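Enquirer: Dropping a prediction and its sequence here:
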Amino acid sequence: MKITKVESFVLHVPITPPITDAINVATHWGLAGVRIFTDEGFTGYGYTGTCANGDEMITDTIDRYYAPELIGKDPFMVREIWDQLRFGKMHWIGRAGITHMALAAVDIALWDIMSKASNKPLWQYLGGHKSKQIKAYNTNGGWLNWSKERLIKDVSEIVEQGFTGVKIKVGKPDPHEDYDRVKAVRKAIGDNTIFMIDVNQQWNINTAMTWGKKLEEFDLYWLEEPLNPDDILGHKKLADTLTVPIALGEHVYSKYAFRDYIHQGAIEYVQVDVTRVGGVTEWLQVAGLAASYDLPICPHVGDMGQIHQHLVASTSNATMLEYIPWIRHIFEEPATVKDGFYILPQMPGASTQIIPRFFEEYRVK
């Protein structure tokens with residue numbers, strides 16, 4: 001099998017209503033991605049997730065620097081291709097961020113091709129570990145721009161739908177307001193529901209030490225991204241001091257950075273994201289590294305769960321998966337949760353195949 005054509009794309013899918021966390025305001029979810037065509041009729045879809053900003057830089061990297069290297073290659077040589085692109089022309093100016101997100105899109109498309117050609121869903125092609133279902137936790141009711149009244153209403157409905165875990169955003173200018181919202185949510189969802197909070201990097205070390213300690217009374221499952229993601233020593237200090245576990249990974253772009261976090265004892269839930277790290281190929285290496293330290297994988301879903309459901313289902317130390325349903329309607333086999341659990345995909349591939357009419361409707365040309 002040979003690659004015959006590489007075509008990048010950008011889709012902007014509306015988010016209704018728009019949401020905010022402590023950093024971003026999002027009206028659309030961006031899919032900066034690629035379709036890779038082969039001489040045997042298989043087409044692979046891969047993409048990375050954005051807040052619909054900077055997508056053209058990702059696809060420009062694919063078009064200018066990655067696509068010419070792919071033509072004529074055998075997609076089953078995915079690890080060789082990964083090394084050639086990672087250490088190719090873009091290595092000098094970018095080993096993370098845009099270049100790794102572009103590499104992730106390409107790598108995902110190649111794994112999509114391989115599993116399609118093998119007539120298996122990706123989770124089986126990788127070697128299945130969970131044959132029936134995956135526990136889901138829901139983030140989609142906890143946005144920072146929600147009033148406290150709407151926050152309570154939404155998380156309560158999430159629990160009624162069967163989810164056993166919810167996550168909300170914190171990072172208000174006044175941490176007292178965060179405390180009040182966390183207290184109200186815990187009261188609303190009860191003591192038996194898994195409850196996480198996500199700071200989105202907005203605290204400094206002093207704020208995190210003070211308010212992380214105060215919030216421990218609400219039996220938090222984890223404290224997510226409390227500090228700048230490059231501050232390994234700060235996260236180690238928090239992990240050593242607080243009883244609530246530290247979770248992060250959506251802004252960690254390489255296995256080497258994860259290695260340093262893990263080796264320092266600065267991370268307790270590894271949220272490696274296949275669309276930020278260099279695709280399936282590097283995600284599997286990070287998962288194996290975490291397993292050697294008995295650390296759980298709980299991915300951040302820049303893909304909105306389409307690809308990660310396969311990775312969690314094939315990974316022994318991946319314990320559950322985030323659920324945000326913004327883009328599920330555009331896929332041939334959408335990520336589906338019932339009674340708080342993901343239903344495993346059955347179609348061959350990585351669940352990245354996009355319905356043609358939505359591909360055209362949301363495409364940015």
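Expert: Sure, I can see it.

Enquirer: which strand in the chain runs the most residues?
Expert: Counting by DSSP state E, the longest strand found in the chain is strand 3-20.

Enquirer: can you pull the alpha-carbon coordinates of stretch 277-293 into PDB?
Expert: Extracted C-alpha coordinates of stretch 277-293, given in PDB (Å, rounded to 0.1, in the frame of the first residue of the first chain):
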ATOM      1  CA  VAL A 277       1.500  14.900  21.800                       C
ATOM      2  CA  GLY A 278       2.600  13.500  18.500                       C
ATOM      3  CA  GLY A 279      -0.400  11.300  17.700                       C
ATOM      4  CA  VAL A 280      -1.100   7.700  18.600                       C
ATOM      5  CA  THR A 281       2.600   6.700  18.200                       C
ATOM      6  CA  GLU A 282       3.800   8.900  21.000                       C
ATOM      7  CA  TRP A 283       0.700   8.600  23.100                       C
ATOM      8  CA  LEU A 284       1.400   4.900  23.400                       C
ATOM      9  CA  GLN A 285       4.900   5.500  24.600                       C
ATOM     10  CA  VAL A 286       3.700   8.000  27.300                       C
ATOM     11  CA  ALA A 287       1.100   5.500  28.400                       C
ATOM     12  CA  GLY A 288       3.700   2.800  28.700                       C
ATOM     13  CA  LEU A 289       6.000   5.100  30.700                       C
ATOM     14  CA  ALA A 290       3.100   6.000  33.100                       C
ATOM     15  CA  ALA A 291       2.300   2.300  33.500                       C
ATOM     16  CA  SER A 292       5.900   1.600  34.700                       C
ATOM     17  CA  TYR A 293       5.200   4.000  37.500                       C
END
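
Enquirer: to the chain's geometric centre, what's the distance from it?
Expert: Centroid displacement of stretch 277-293 relative to its chain, using C-alpha atoms, centre = their mean, to the nearest Å, is 13 Å.

Enquirer: and it, average pLDDT?
Expert: The average pLDDT within stretch 277-293 is 98.

Enquirer: try stretch 23-40
Expert: For stretch 23-40, mean pLDDT rounds to 96.

Enquirer: Next: stretch 65-84.
Expert: Mean per-residue pLDDT for stretch 65-84: 98.

Enquirer: Next, the buried residues of that stretch.
Expert: Using 16 or more other C-beta atoms under 10 Å as the test for burial, stretch 65-84 gives 65-67, 69-70, 73, 75, 78, 81-82. Quick note: C-beta positions are derived from backbone N, CA and C, even for glycine.

Enquirer: swap in stretch 25-40?
Expert: By 16+ other C-beta under 10 Å, the buried positions in stretch 25-40 come out as 26, 28-38.

Enquirer: Alpha carbons only: can I get that stretch in PDB?
Expert: Only the C-alpha atoms of stretch 25-40 are listed here, as PDB (Å, rounded to 0.1, in the frame of the first residue of the first chain):
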ATOM      1  CA  VAL A  25     -13.500  32.000  25.100                       C
ATOM      2  CA  ALA A  26     -14.700  29.400  22.500                       C
ATOM      3  CA  THR A  27     -17.600  29.900  20.000                       C
ATOM      4  CA  HIS A  28     -16.400  27.100  17.700                       C
ATOM      5  CA  TRP A  29     -14.300  24.000  18.100                       C
ATOM      6  CA  GLY A  30     -11.600  23.800  15.400                       C
ATOM      7  CA  LEU A  31     -10.500  20.600  13.600                       C
ATOM      8  CA  ALA A  32      -7.200  21.200  11.900                       C
ATOM      9  CA  GLY A  33      -6.600  18.000  10.100                       C
ATOM     10  CA  VAL A  34      -5.600  15.900   7.100                       C
ATOM     11  CA  ARG A  35      -7.000  13.300   4.800                       C
ATOM     12  CA  ILE A  36      -4.500  10.800   3.500                       C
ATOM     13  CA  PHE A  37      -5.400   8.800   0.400                       C
ATOM     14  CA  THR A  38      -3.900   5.400  -0.700                       C
ATOM     15  CA  ASP A  39      -3.600   3.300  -3.800                       C
ATOM     16  CA  GLU A  40      -5.800   0.600  -2.300                       C
END
